[in-house]
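Novice: please find the sequence and the predicted model below.
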Amino acid sequence: MRIAQNCFVRTLDIRHATIFGVLAVLALMFSPGGQAGFAAETNVRPYWGNEALWGYWKFDADYLPKKDWKIVSAPKEAADVWKAANLIDDDAETFYAAGGRDEYEIAIDLGREYELGAFTIVTLGRPNNAIDSRMARYEFFVSGSKEVRGPAVAEGAFEDEEGQETVIPFPAARGRYVTLKAFARPNPNKDLCIRELSLVSAETVKRYEATSATASARKRAKWDNRDSEQAIGALGKDFLDLIFCTPDDINRSNLRSRPNLELVGKLKAAGQYAQGLRAFRDYYFEKLRRPQAFGIHANDVQPYGRGYGGISDFPQGAMDKDLDPERLKKQIAAADDLLHGEMTLGNGAKVKIGEPGEIDWSAPAQPYGYATKTHQNYPYRELWWGSGLQPLVTAYIATKDQQYLKRWIAYMDDWAMNETFLAQIDPVINHDNSIYPVVMTLRMFAAIAEALPYDSDAVPAPAFARIMKKLVMESPLNWVVYMRSNGNGWTPGAGQMLMAILIDEFKVAPLYFRETRRRNIEDINVLQQLRDGTETHQWPGYNFLLLGNAGALRLMDARESMPNWAQPSWERELHTVGWQNELNEALELRAAYMLHWGTPSGEYPLVTHHEPPHEKRFKLREAYTRFPGMLNDPTNAKIYSTLYGDGSAGIPDYTSEWFPYGGYSIARDGWKKDDGYGSMFCSPAPGCGGVG
């Protein structure tokens with residue numbers, strides 16, 4: 001049984017944004033144009049931390065000002081707080097709501113005549129389950145007289161989802177009075193809720209349409225000319241500046257014994273950028289084909305590899321290691337759909353994304369799916385992660401049909417050039433999903449490199465450079481921001497150490513490596529560990545996540561396959577006994593605590609949410625073998641022998657235990673498989689709730 005758990009977890013989810021959000025709100029409230037004077041401005045975002053308004057508004061400051069508008073008539077609202085004036089107050093967090101009718105007419109006096117070209121409706125989530133926030137149909141009227149409104153200038157079904165601003169254009173119409181006639185969708189109370197109505201002049205609509213057409217043409221031209229001599233020259237100069245390849249770079253970074261990387265530097269120095277891009281692609285594919293020569297374990301790059309350093313199942317492999325023939329058929333079917341521009345989402349739904357070069361990477365629409373069926377505050381993740389394109393790689397690996405590979409490269413090239421969500425996301429609403437699956441994508445390239453001949457150009461060097469630049473330079477910076485602002489234990493960072501190792505020829509690699517070291521040692525395994533091995537977040541399941549940081553030690557072991565003089569300079573201290581002992585001591589204490597929670601049936605208390613360990617992502621037995629010193633303790637040795645060994649060390653001689661710093665307790669009848677077991681969490685911190 002869990003008590004007060006959901007509330008507590010939600011608190012953790014949003015805590016990282018609290019400080020930034022409060023500061024942003026205060027700054028806006030007390031600034032001249034801030035929240036206190038919000039209604040005086042036209043359609044501004046109230047504060048950056050408000051996810052509900054993220055992405056508004058389409059027309060920025062080009063809406064008609066509302067300061068002289070007045071409600072002429074409207075059906076009576078259900079409560080004064082839902083008054084019709086909320087419809088035109090420039091605040092999408094207020095709303096007009098009424099009920100009991102099939103249709104509602106709201107007439108507005110604009111104060112003077114305008115030539116209008118569109119009206120817009122904001123539909124955020126429902127205020128509650130009883131109130132509908134979308135109308136079924138609409139009719140819209142523009143007139144110069146309060147008494148005579150004439151024929152509708154726009155009418156039709158209102159079909160857009162909740163969570164966006166719907167723009168409804170119409171032929172230019174001049175008038176001072178507008179009337180919205182809204183028809184309720186079928187619901188028991190015939191309720192209707194409208195967040196905000198705005199108007200746009202005909203001139204503004206025309207200008208935005210022209211701008212949109214120009215932007216579309218510019219995007220098309222950029223795509224069509226992406227591999228022109230001029231474009232490749234600019235790409236090569238920019239991209240090759242991102243990597244250690246000159247003699248000075250290589251000496252300073254200690255990336256010696258990489259002759260093909262030195263060749264890239266020579267081509268760069270000669271201004272032969274197209275050749276330099278090709279040389280880099282060939283160098284990197286060699287690295288993926290022969291990872292041990294570069295201090296990387298084969299598991300960490302091969303398509304079926306999982307985790308990092310042989311621990312955990314995250315990051316995942318490019319190919320599902322448990323992919324059976326039926327699921328493989330489904331993956332190939334999804335790849336065939338992608339050949340025709342249709343992508344399968346994680347929930348099984350299919351969406352038309354179109355051809356490479358023309359995809360709307362912010363789909364389903366701004367503000368990024370808020371309150372849509374997926375209940376997510378961002379575009380389709382399968383798009384901005386690029387993971388929805390993965391079936392093409394799976395199909396290529398399975399069939400060796402290059403049409404799948406060609407299509408995947410083209411889509412990913414479009415992604416690299418035009419996907420902008422993570423580059424634009426505000427740090428206030430950053431989270432641990434705000435990073436591309438970099439390691440998984442590199443494992444896809446490893447599978448492709450293994451399947452292709454050494455001299456193949458099936459992966460064009462410019463496309464490879466564009467994709468790599470985006471993977472390396474964009475979303476990992478979001479991860480750094482997130483990790484520095486959110487100290488919570490469910491986001492251990494050893495997986496980022498593998499990423500830093502896989503891209504160690506990039507100049508940003510030392511930064512990522514330093515960040516993951518800070519995360520794993522200085523934060524999680526020192527500041528966030530209590531004296532009895534438990535963690536500080538009042539949720540015992542996080543301990544299991546943190547043991548995955550043992551992968552950092554295995555990554556360092558793999559690096560030992562390179563001679564000392566060729567190991568990256570920023571990794572040197574992690575090859576020392578002192579550093580490894582420090583990490584081992586912290587992890588051994590946590591591992592011992594987790595071991596004591598074990599049950600003879602191989603499962604763990606429900607409050608840990610990682611049971612049974614042999615079926616879940618974090619392979620505890622493998623983690624325990626990393627800490628032989630832990631087994632020097634006779635009690636630990638007995639528990640390990642009982643749970644994982646042959647029992648020769650003897651039965652543990654206790655049946656209950658209390659971890660006072662974390663507030664956890666265990667009681668059991670004995671150590672046989674069917675013996676009873678109970679656990680309780682009673683937080684020492686007031687107000688955290690408890691778990692039993």
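Specialist: Looks like it arrived, so ask away. These figures come from a predicted structure and were not determined experimentally.
Novice: going forward, measure contacts and count neighbours with C-alpha atoms only.
Specialist: Noted.
Novice: gap between the residue sitting nearest the centre point of the chain and R381?
Specialist: Geometric centre of the chain, nearest residue: N433, 2.5 Å, by CA atoms, centre = their mean. As defined by CA to CA, to the nearest Å, N433 lies at a distance of 9 Å from R381.
Novice: and what of A335?
Specialist: Going from A335 to R381 by CA to CA gives 17 Å.
Novice: higher neighbour count, these two?
Specialist: A335 (27 against 21; other CA atoms under 10 Å).
Novice: what helix or strand is that one located in?
Specialist: helix 325-339 (DSSP states H and E).
Novice: which residues does that helix contact?
Specialist: M343, T344, L389, P391, L392, T394, A395, Y404, R407 (CA atoms under 8 Å, 6 or more residues apart in numbering).
Novice: may I have that helix as CSV, with CA atoms only?
Specialist: What follows is helix 325-339, C-alpha atoms only, in CSV (Å, rounded to 0.1, in the frame of the first residue of the first chain):
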residue,chain,number,x,y,z
PRO,A,325,9.9,-12.4,-35.5
GLU,A,326,6.4,-11.0,-35.1
ARG,A,327,7.6,-7.7,-33.6
LEU,A,328,10.3,-7.5,-36.2
LYS,A,329,7.6,-7.7,-38.9
LYS,A,330,5.8,-4.8,-37.2
GLN,A,331,9.0,-2.8,-37.2
ILE,A,332,9.5,-3.4,-40.9
ALA,A,333,5.8,-2.6,-41.5
ALA,A,334,6.4,0.8,-39.7
ALA,A,335,9.5,1.3,-41.8
ASP,A,336,7.4,0.7,-45.0
ASP,A,337,4.9,3.3,-43.7
LEU,A,338,7.8,5.8,-43.3
LEU,A,339,8.8,5.2,-46.9
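Novice: check the offset of it from the chain's centre.
Specialist: What separates the centre of helix 325-339 from the centre of its chain is 25 Å, taken as CA atoms, centre = their mean, to the nearest Å.
Novice: which parts of it are buried?
Specialist: L328, Q331, I332, A333, A334, A335, D336, D337, L338, L339 (16 or more other CA atoms under 10 Å).
Novice: most distant residue from the middle of this structure?
Specialist: E147 (52.9 Å).
Novice: and it, helix, strand or coil?
Specialist: Under DSSP: H, G, I helix; E, B strand; the rest coil, the three-state class of E147 is coil.
Novice: state the pLDDT value of it.
Specialist: For E147, the pLDDT comes out at 88.
Novice: then the one 3 residues further on?
Specialist: The per-residue pLDDT reported for G150 equals 92.
Novice: avg pLDDT for the next helix or strand after the helix holding A335?
Specialist: Tracing the chain past helix 325-339, the next element assigned as helix or strand by DSSP H and E is strand 342-344. Mean pLDDT, strand 342-344: 96.
Novice: so what are the sheet partners of the helix or strand following strand 342-344 and their directions?
Specialist: Next along the chain after strand 342-344, taking DSSP H and E as the criterion, comes strand 350-352. Sheet partners assigned to strand 350-352 using DSSP bridges are listed as strand 342-344 (antiparallel).
Novice: what does the partner strand contact?
Specialist: Contacts of strand 342-344 (CA under 8 Å, 6+ apart): A334, D337, K350, V351, K352, I353, G354, G388, L389.
Novice: how about the residues you listed in CSV, adding distance to Q424 and pLDDT?
Specialist: Listed next are these as CSV, based on distance: CA to CA, whole Å; pLDDT from 0 to 100:
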residue, distance to Q424, pLDDT
A334, 30, 97
D337, 30, 98
K350, 26, 91
V351, 24, 91
K352, 24, 93
I353, 21, 94
G354, 23, 95
G388, 21, 94
L389, 22, 97
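Novice: okay, and the beta partners of E657?
Specialist: Beta-bridge partners of E657, as defined by DSSP bridges: I666.
Novice: residues near it, how many?
Specialist: 14.
Novice: quick check: buried residues in stretch 576-592?
Specialist: Q580, L583, N584, E585, A586, L587, E588, L589, R590, A591, A592.
Novice: how about those in JSON lines, adding pLDDT, secondary structure and distance to E262?
Specialist: Supplementary listing: these in JSON lines, determined by pLDDT from 0 to 100; DSSP: H, G, I helix; E, B strand; the rest coil; distance: CA to CA, whole Å:
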{"residue": "Q580", "pLDDT": "83", "secondary structure": "helix", "distance to E262": "32"}
{"residue": "L583", "pLDDT": "81", "secondary structure": "helix", "distance to E262": "35"}
{"residue": "N584", "pLDDT": "83", "secondary structure": "helix", "distance to E262": "37"}
{"residue": "E585", "pLDDT": "83", "secondary structure": "helix", "distance to E262": "40"}
{"residue": "A586", "pLDDT": "81", "secondary structure": "helix", "distance to E262": "40"}
{"residue": "L587", "pLDDT": "84", "secondary structure": "helix", "distance to E262": "39"}
{"residue": "E588", "pLDDT": "87", "secondary structure": "helix", "distance to E262": "42"}
{"residue": "L589", "pLDDT": "85", "secondary structure": "helix", "distance to E262": "45"}
{"residue": "R590", "pLDDT": "83", "secondary structure": "helix", "distance to E262": "44"}
{"residue": "A591", "pLDDT": "85", "secondary structure": "helix", "distance to E262": "44"}
{"residue": "A592", "pLDDT": "87", "secondary structure": "helix", "distance to E262": "47"}
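Novice: ok, of these, which one's closest to A279?
Specialist: Q580 (36.6 Å; CA to CA).
Novice: tell me the contacts of that closest one?
Specialist: L553, L574.
Novice: skipping its backbone neighbours, what lies nearest A98 in space?
Specialist: Computed as CA to CA, 6 or more residues apart in numbering, the closest residue to A98 that is not its neighbour in sequence is E77, at 4.3 Å.
Novice: next up, the contacts around that neighbour.
Specialist: K83, A84, Y96, A97, A98, G99.
Novice: min pLDDT across the residues you listed, which one?
Specialist: G99 (81).
Novice: what number of residues lie near it?
Specialist: G99: 21 neighbours (other CA under 10 Å).
Novice: kindly report the same for P628.
Specialist: Neighbours of P628 using other CA under 10 Å come to 12.
Novice: which pLDDT does the model give it?
Specialist: With respect to pLDDT, P628 has a value of 83.
Novice: how about it, phi and psi?
Specialist: P628 adopts backbone torsions of phi -60, psi -30, taken as degrees, to the nearest 10.
Novice: kindly report the same for G307.
Specialist: phi 70, psi -160.
Novice: give the contact list for it.
Specialist: Counting by CA under 8 Å, 6+ apart, G307 has contacts D300, D313, F314, P315, Q316, G317, G495.
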